[in-house]
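A.B. asks: Test case, fold it:
(one chain, ligands or ions: 1)
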Amino acid sequence: MSLDDVLAKIDENLPEATERLLKLLRIPSISTDPAFKRDCDDAADWLVADLKTLGVDASKRMTTGHPMVVGHVDGDGPHLLFYGHYDVQPVDPLELWDRPPFEPQVEDTDKGQVIRGRGASDDKGQLMTFIEACRAWKAVHGSLPCKITFFFEGEEESGSPSLVPFMMENAKELTTDIALICDTGLFESAVPAITTMLRGLVAEEVIIKGPDRDLHSGMYGGIAMNPIRVLSKIITGLHDTTGRITLPGFYDGVPELSDEIRAQWQNLAFDHSAYLGDVGLSVPAGEQDRTPLEMIWSRPTCDVNGIWGGYAGDGFKTVLPAEAGAKISFRLVGTQDPDKIHDAFEAYVLSCLPEDYTAEFPLGKGSKAAQMAITDPMFEKARKALSDEWPRPASYIGCGGSIPIAGHFKDILGVDAMLIGFGKDDDQIHSPNEKYDMQSFHKGTRSWARILAALSA
Ligand SMILES: [Zn+2]
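C.D. replies: Okay, here's the model as predicted:
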């Protein structure tokens, strides 16, 4: 018996696998809304029961929020952990859905069949690809190919408040050779990918305070320094004319790409004009000597996310405000140190203040970037296995955002994570009419079977 038998089993079982996914999708497990607490519980129970049919020692584990589902199955080979989440986003505005979000259905579209319903792509459909791969494996071989720990969360869409405490309390139980996380997508909806670089984040708020009250510009304009002017100067000084960030030491720990990754990214043929054109833009605004993909994935950034001060309502008010503020965030890469960047930012702001002016920094919270150890042979085995299933070879890619779970595996458990997902850009996750392509569900399941085979070999 071979991998081919498992793949054939997956093909044969697709109708039943789809029915099971539809059942899970009918449970309205919206984690942010307390009205659906019972449903979150039901989704956890459903998964525990389903895992038990695979011979997994599974249980629902209570937290102060929604429960975790943890299951173990013994086996040879490396010890894998698989993570997914069973909670979903709220569904409003309900009137924009073409069908009730929790009455999912397989639909024919001009791009092929899709499974429509809340959670179809994020993350129930993705989570079930792994379970279905295990089910086919078990049906063919009588057991699973590796030792596997299943770990499902029910609070991912509401900030995962119980996740870190749970991981810390159960660190020993959850520590494995590698973590597999299925909550991401294909690259540009076409190329399979393993996300191995996740940017970190430092979020700052700065409030510049000057005069002890709002002033009238007829009386104080010209003699009093306007806090908005101070703030604007601070913000414009954060970048130089080539797009580089000017904070001293900011680029400490920013690595250059390896030749291998550079080649893979060139192969992706990223169309930055389409990417920017999608939002009505055309010119990449990052460091001038960097490629657009580097700007998104492997270079650090600084952005002003909000700015306030003075009067911005209807009409006009000739005011010099007493204070002005901004929220400014930095995306980090490599081994950039969030604390050092916070300190450098604070020192820079203070150095820009005129006499009589003060600055407050109410936030300054940060998380490091995560860079997976792709030199571990398991990564290359998984990448080759993925490439065998899809028309184009798989790439290691970055992720412009942060996926906190991957950082937690690394920081709390010391476990590297492979982020492998089959979502597509047009899945409308978090929006009305969410869908998962039947092709993603089917080939995603087959991909996991191939990866399990490769990792256990
Ligand atoms: Zn998700």
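A.B. asks: Output the helix or strand where S59 lies as PDB - backbone C-alpha positions only.
C.D. replies: Applying DSSP states H and E as the criterion places S59 in strand 57-61. Extracted in PDB, the C-alpha atoms of strand 57-61 (Å, rounded to 0.1, in the frame of the first residue of the first chain):
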ATOM      1  CA  ASP A  57      -7.400  10.500  22.100                       C
ATOM      2  CA  ALA A  58      -9.300  13.800  21.900                       C
ATOM      3  CA  SER A  59     -10.900  16.000  24.500                       C
ATOM      4  CA  LYS A  60     -12.400  19.400  25.000                       C
ATOM      5  CA  ARG A  61     -10.300  21.500  27.400                       C
END
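A.B. asks: average pLDDT for it?
C.D. replies: The predicted model assigns strand 57-61 a mean pLDDT of 98.
A.B. asks: which strands and helices sit next to that strand?
C.D. replies: helix 37-52, strand 68-73 (3 or more Cβ pairs under 8 Å, 6 or more residues apart in numbering; DSSP states H and E). Every C-beta, even on glycine, is put in place using the N, C-alpha and C of the backbone.
A.B. asks: Dump the longest one to PDB, restricted to CA.
C.D. replies: Read that as helix 37-52. In PDB, the C-alpha atoms belonging to helix 37-52 read as follows (Å, rounded to 0.1, in the frame of the first residue of the first chain):
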ATOM      1  CA  LYS A  37     -21.200  30.600  23.300                       C
ATOM      2  CA  ARG A  38     -23.200  27.400  23.200                       C
ATOM      3  CA  ASP A  39     -22.500  27.000  19.500                       C
ATOM      4  CA  CYS A  40     -18.700  27.400  20.000                       C
ATOM      5  CA  ASP A  41     -19.000  24.600  22.600                       C
ATOM      6  CA  ASP A  42     -21.000  22.500  20.100                       C
ATOM      7  CA  ALA A  43     -18.300  23.000  17.400                       C
ATOM      8  CA  ALA A  44     -15.600  21.800  19.900                       C
ATOM      9  CA  ASP A  45     -17.700  18.800  20.800                       C
ATOM     10  CA  TRP A  46     -18.300  18.000  17.100                       C
ATOM     11  CA  LEU A  47     -14.500  18.000  16.500                       C
ATOM     12  CA  VAL A  48     -13.800  15.900  19.600                       C
ATOM     13  CA  ALA A  49     -16.300  13.300  18.300                       C
ATOM     14  CA  ASP A  50     -14.900  13.400  14.800                       C
ATOM     15  CA  LEU A  51     -11.300  13.000  16.000                       C
ATOM     16  CA  LYS A  52     -12.300  10.000  18.100                       C
END
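A.B. asks: Now do it: which elements does it pack against?
C.D. replies: Short answer (3+ Cβ pairs under 8 Å, 6+ apart): helix 37-52 packs on helix 3-25, strand 57-61, strand 68-73, strand 147-153.
A.B. asks: Turn these into CSV, columns for mean neighbour count and distance to K172.
C.D. replies: Listed next are those as CSV, based on neighbours: other Cβ atoms under 10 Å; distance: least, Cβ to Cβ, whole Å:
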stretch, mean neighbour count, distance to K172
helix 3-25, 17, 29
strand 57-61, 17, 14
strand 68-73, 21, 12
strand 147-153, 24, 11
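A.B. asks: Please name whichever of these is nearest to A454.
C.D. replies: With Cβ to Cβ, the closest approach to A454 among the helices and strands packed on helix 37-52 belongs to helix 3-25: 8.9 Å.
A.B. asks: What helices and strands are in contact with that closest one?
C.D. replies: Where contact means 3+ Cβ pairs under 8 Å, 6+ apart, helix 3-25 is packed against helix 37-52, strand 105-109, strand 112-116, helix 124-141, helix 438-456.
A.B. asks: tell me the angle it makes with helix 37-52.
C.D. replies: Here the directions of helix 3-25 and helix 37-52 differ by 160 degrees (axes from the mean of the first three to the mean of the last three Cα atoms, to 10 degrees).
A.B. asks: Against L247, how distant is L96?
C.D. replies: To L247, L96 is 43 Å away according to Cβ to Cβ, to the nearest Å.
A.B. asks: Among these two, which residue is more densely surrounded?
C.D. replies: L247 (18 against 10; other Cβ atoms under 10 Å).
A.B. asks: for the stretch 151-300 of the chain, what spans make up the helices?
C.D. replies: Assigned by DSSP state H, counting those that start in this stretch, the stretch 151-300 of the chain shows helices spanning 163-169, 171-174, 217-220, 227-236, 259-267, 272-277, 292-297.
A.B. asks: now the helices and strands packed on helix 37-52 as JSON lines including distance to the ion?
C.D. replies: Putting the helices and strands packed on helix 37-52 into JSON lines (distance: least, Cβ to the ion, whole Å) gives the following:
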{"stretch": "helix 3-25", "distance to the ion": "14"}
{"stretch": "strand 57-61", "distance to the ion": "20"}
{"stretch": "strand 68-73", "distance to the ion": "15"}
{"stretch": "strand 147-153", "distance to the ion": "10"}
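A.B. asks: In CSV, list these along with distance to F316.
C.D. replies: What follows is those, written out as CSV (distance: least, Cβ to Cβ, whole Å):
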stretch, distance to F316
helix 3-25, 53
strand 57-61, 59
strand 68-73, 55
strand 147-153, 51
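A.B. asks: among those, which is nearest A269?
C.D. replies: helix 3-25 (29.1 Å).
A.B. asks: who wins for proximity to the ion among the helices of the stretch 151-300 of the chain?
C.D. replies: Among these, helix 163-169 comes nearest to the ion, with 12.8 Å by Cβ to the ion.
A.B. asks: From the chain's centroid, how far away is that closest one?
C.D. replies: 19 Å (Cα atoms, centre = their mean, to the nearest Å).
A.B. asks: if we can go back for a sec, as TSV, the helices and strands packed on strand 57-61 with mean pLDDT and distance to F152 would be great.
C.D. replies: Shown next, in TSV, are the helices and strands packed on strand 57-61 (pLDDT from 0 to 100; distance: least, Cβ to Cβ, whole Å):
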stretch	mean pLDDT	distance to F152
helix 37-52	98	6
strand 68-73	98	4
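A.B. asks: What residues of the lowest-mean-pLDDT helix or strand in the chain count as buried?
C.D. replies: Least confident helix or strand of the chain, by mean pLDDT, DSSP states H and E, is strand 365-367 with a mean of 81. Across strand 365-367, burial judged by 16 or more other Cβ atoms under 10 Å covers G366, S367.
A.B. asks: 28 is where my numbering starts, stick with that
C.D. replies: All set: I'll call the first residue 28, so the last point we hit is now strand 392-394.
A.B. asks: May I have the residues that are in contact with the residue nearest to the spatial centre of the chain?
C.D. replies: Residue closest to the mean C-alpha point of the chain, counted by Cα atoms, centre = their mean, is I430 at 3.4 Å. Shown in contact with I430 (Cβ atoms under 8 Å, 6 or more residues apart in numbering): I208, D210, T211, T222, L225, L446.
A.B. asks: Appreciated, that's everything.
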